[in-house]
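**Student:** Attaching a predicted model along with its sequence, questions to come.
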Amino acid sequence: MTITPEQLTSRLKAKTLPSLPLTVVALGEAVQDDRCTVDRILAILSKDPPLSATLLRLANSALYAGDGAAIDLRTAVLRLGFDAIANLGTGTAVIRTLRGGVHLDPTSLWQHSVAVGLVAKGVCRMTRRHGQAETAFLCGLLHDIGKIALDTCFPEDYQAVLAQVQEGLAYVEAEHACLGLDHAAAGAILAADWHFPDTITDVIRDHHQPKPSEYLPNLIHLADLMVRSRVPMGPGDERLSFSLEELPAFQSVLAGSLDKDLDVERLTFSIDDEVEHALAFVEVAFQN
């Protein structure tokens, strides 16, 4: 079967997938306003107690915990910052809204996605691109949402994709073979339908074939490869082998940004820590 972008859009419009909660949309709009205040953020969150509780738990998790516990939401917002609150809120809402489709393993998929986001955020800090760190995290978290869109909208057809993945094909190869539309393109369609910023939509679309000059798509491509090399997403990933420093994405993201004595091995093994953090994040996000 060949699935066209128009067919996927039609399925999305038929509300096969629900919309994001209004709270998340409001948070995103609020943080874009230079006049945004803590009280405005708290007023938005007050309308969504489950999301507020999740954000408070995340603020006290190993990922963000400070010197003391955040005992209330105001402390959590001040600790994390407006951008992080909006991104964590979006990430949590997306995880709860999409879950895992019909056939996909939601825990595995979201642990991978969160780990990619955390690695991308860490690399941003290493390359002194602190202003892009939170956006990088959200891009990483969302980069594979197209898999869930396809699995939810076309479950019987996507089952054939997963069968080929188990036989050793990469997801993109299996999707093109079975559907004619890969998860990167599908994810961009869903992101546009949910009115995500163009920056995020473009990263989702291009993360498997980034242009050399585009930092964020290359960053997510690189983080995705590094995470899959440590925690395979299928039999094909178990044979994944590459020289990190020879990857075009590595050159686009890291070459010239770091000292010559960069410890690549240490960078690779630091992914193990991020995978552990991803496990905790997904566990919190899945809680009611």
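**Tutor:** Now that the structure is in, tell me what you want to look at.
**Student:** my guess is Cys139 meets Thr201, correct?
**Tutor:** No - using Cβ atoms under 8 Å as the test, Cys139 is too far from Thr201 to be in contact (9.8 Å). The way it works is simple: take the backbone N, C-alpha and C, and place the C-beta from them, glycine included.
**Student:** what about these two, which has more around it?
**Tutor:** The residue with more neighbours, out of Cys139 and Thr201, is Cys139; 28 against 21, by other Cβ atoms under 10 Å.
**Student:** Assign a three-state SS to the more buried one, would you?
**Tutor:** Assigned by DSSP: H, G, I helix; E, B strand; the rest coil, the conformation of Cys139 is helix.
**Student:** so who does it touch?
**Tutor:** By Cβ atoms under 8 Å, 6 or more residues apart in numbering, the contact list for Cys139 reads Gly117, Ala120, Thr199, Ile200, Val203, Ile204, His207, Leu216, Leu219, Ile220.
**Student:** buried subset of these?
**Tutor:** With neighbours counted using 16 or more other Cβ atoms under 10 Å, those contain these buried positions: Gly117, Ala120, Ile200, Val203, Ile204, His207, Leu216, Leu219, Ile220.
**Student:** Might you report the residue contacts of the third one?
**Tutor:** Ile200 makes contact with Thr135, Leu138, Cys139, Leu142, Ala191, according to Cβ under 8 Å, 6+ apart.
**Student:** Kindly state the pLDDT recorded for the second one?
**Tutor:** With respect to pLDDT, Leu138 scores 93.
**Student:** can you count the residues close to it?
**Tutor:** By other Cβ under 10 Å, 25 other residues sit near Leu138.
**Student:** Asn87 is in contact with that one, correct?
**Tutor:** Yes - counting by Cβ under 8 Å, Leu138 touches Asn87, with 4.4 Å between them.
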